[in-house]
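>>> Give the three-dimensional model of this entry:
(one chain, ligands or ions: 2)
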Amino acid sequence: MPDTDRPDLTSLAAAGPIAADGRLPLIGLDKAEMTALAVDMGEKPYRGTQLFQWIYSKGARTFEDMTDVSKEFRTRLADTFTLERPKIAQEQLSEDGTRKWLHAFADGQKAEAVLIPEDDRGTLCISSQVGCTLTCRFCHTGTQRLVRNLTPGEILAQIMVARDALGEWPTPKDDSRRLTNIVLMGMGEPLYNFESVKKAMQIVMTGDGISVSRHRITLSTSGVVPEIARCGEELRVNLAISLHAANDDVRSQIMPINKKYPLKELMEACRTYPGVSNARRITFEYVMLKDINDSEADARALVALVKDVHCKFNLIPFNPWPGTPYECSDRKTIERFQEVMTSAGLTCPIRTPRGRDILAACGQLKTDSEKLSAKERRVQAEEAWAEKEAQLVL
Ligand code: SAH
Ligand code: SF4
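Ligands and ions are numbered 1, 2, ... in the order given. Next comes the predicted model:
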């Protein structure tokens, strides 16, 4: 007979920082762990499935909500565990309908999530780390010093908070949902926190969990080559690569990770990505930086670079942020670039920036609220890059 008073909590340590009141977060545990927990507490294994469904499919905020669970078990659960979401430190609504949440986790660390509503879909862009250890020169997150990995529970909570806000509990059928797609394109490099991302996405993909199909999930990476195949094998989600340059010189200059994993290796990983085909193509993201990577010669080099990869492109007009050394290419230049790409047979839409007014667009996320001048910010960014690179975090 298990000791019902003291469940084995060691496996829960990974779930995340303990809440201020000392209770442990349940969000982040998968079905097997919830089942083990129920058994540890002297309950039948199916109680674990019930907990899982209440949390991830019905969005229960308290144990009291779980009406088909005995009152006695609910009370014991509430004594030890919490279903609390992170605190919302700030919530902003853009004039184009984009919503941004600044989440404050139990230890006070913060990360952002952005919901982009469109006519036929709603895409939630979530973070995988607080800040990012990488230092892409065009990215606001890359200037942020403080970094820690988010736990599976913290990754999931970003989705659950969006569902709370949309009133989308219990999980609606696909055709009526407003939150339909998930992209790992917020703060952080998801392949440097792969175990947590994987666990969270597996719960997301579970039918009686959050229930979003792998076809509607996209993981974006700066090109952590050794982890790319695992992503295809173990998660089978869509892959996006932040490419941003057609040759190693320019790419290494704007994305220092390229020195470690140059284009030849990156292209090989894309060619052999598990599950890739003409029907399931890799997305290359290409940020348009004035006079850096936006010439017609760059476009031609790009066509040659990707010639045997099943892929499509997104041209992203550069989103400026305070202190950035870059400018966005002119509209005409972007259109000429697009023309070279499309006449070579590549799908290559120009993305419309969303949520720029609330710094919610690609690459604008950063969680600090210091008020500094543009020059101070540039100096701060250069210091942060130098500091991170000195630590050889690549
Ligand atoms: N770390 C991952 C995912 C987060 S970044 C990655 O790098 O892929 C999400 C996307 O926004 C990436 O393609 C990134 O290169 C792009 N991005 C970064 N800064 C940007 C900016 N200022 N303007 C436009 N896109 C930017
Ligand atoms: Fe990190 Fe991606 Fe920004 Fe590069 S673009 S600094 S990898 S978040």
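
>>> From now on I want contacts and neighbour counts done on CA atoms only, so please keep to that.
OK.

>>> Tell me where the stretch 1-150 of the chain has helices.
Using DSSP state H, counting those that start in this stretch, the helices found in the stretch 1-150 of the chain span residues 31-40, 46-56, 71-80.

>>> Out of the ones you listed, which is closest to residue 156?
Shortest distance between residue 156 and the helices of the stretch 1-150 of the chain, using CA to CA, is found for helix 46-56: 9.1 Å.

>>> So for the closest one, what gets flagged as buried?
47-56 (16 or more other CA atoms under 10 Å).

>>> helices or strands up against that helix?
Packing partners of helix 46-56 (3 or more CA pairs under 8 Å, 6 or more residues apart in numbering; DSSP states H and E): helix 31-40.

>>> Give me the buried stretch members for the helix it packs on, please.
Buried residues in helix 31-40, counted by 16+ other CA under 10 Å: 31, 33-40.

>>> returning to what we had before: for residue 376, find the nearest of the helices of the stretch 1-150 of the chain.
Residue 376 sits nearest to helix 46-56 of all these, at 43.8 Å, using CA to CA.

>>> now the angle from that closest one to helix 31-40?
130 degrees (axes from the mean of the first three to the mean of the last three CA atoms, to 10 degrees).

>>> dump the residue contacts of the nearest residue to residue 221 once chain neighbours are set aside.
Among residues not flanking residue 221 along the chain, residue 241 sits closest, at 5.2 Å (CA to CA, 6 or more residues apart in numbering). Residue 241 makes contacts with 220-223, 282-285, as judged by CA atoms under 8 Å, 6 or more residues apart in numbering.

>>> Report the buried members of those residues.
Neighbour-count burial (16+ other CA under 10 Å) applied to those gives 220-223, 282-285.

>>> quick one: which of these sit in strands?
Taking DSSP state E as the definition of strands, these contribute 220-221, 282-285.

>>> Can you tell me which of the residues you listed is nearest ligand 2?
Comparing those against ligand 2 with CA to the nearest ligand atom places residue 221 closest, at 6.6 Å.

>>> Does that closest one touch residue 240 like I think?
Yes: using CA atoms under 8 Å, residue 221 makes contact with residue 240 at a distance of 6.4 Å.

>>> Tally up the residues packed near residue 259, please.
14 (other CA atoms under 10 Å).

>>> dump the residue contacts of it.
Residue 259 makes contacts with 248, 252, as judged by CA under 8 Å, 6+ apart.

>>> pLDDT at it, what is it?
Residue 259 is assigned a pLDDT of 97 by the prediction.

>>> now it, what's its secondary structure?
Classification of residue 259 by DSSP: H, G, I helix; E, B strand; the rest coil places it in helix.

>>> could you measure it against ligand 2, distance?
13 Å (CA to the nearest ligand atom, to the nearest Å).

>>> What's the separation between that residue and ligand 1?
For residue 259, the distance to ligand 1 equals 15 Å [CA to the nearest ligand atom].

>>> so residue 312 sits right up against residue 282, yeah?
Yes: if you go by CA under 8 Å, residue 312 and residue 282 touch, sitting 6.3 Å apart.

>>> ok and the residue in the stretch 201-350 of the chain nearest ligand 2?
Ligand 2 sits closest to residue 222 of the stretch 201-350 of the chain, with a gap of 4.9 Å, by CA to the nearest ligand atom.

>>> follow-up on the earlier one: so which of the ones in strands among the buried ones among the contacts of residue 241 reach ligand 1?
Residues of these in contact with ligand 1 (CA under 6 Å from any ligand atom): 220-221, 285.

>>> With respect to residue 175, which of those residues is nearest?
residue 220 (25.5 Å).

>>> Just put the contacts of residue 241 in CSV and tack on pLDDT.
Output for these, formatted as CSV (pLDDT from 0 to 100):
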residue, pLDDT
220, 98
221, 98
222, 98
223, 98
282, 98
283, 98
284, 98
285, 98
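
>>> How about the contacts made by residue 187?
Per CA under 8 Å, 6+ apart, neighbours of residue 187: 111-112, 126-132, 141, 365-366.

>>> which SS class is it?
coil.

>>> nearest residue to it other than its sequence neighbours?
residue 127 (4.5 Å).
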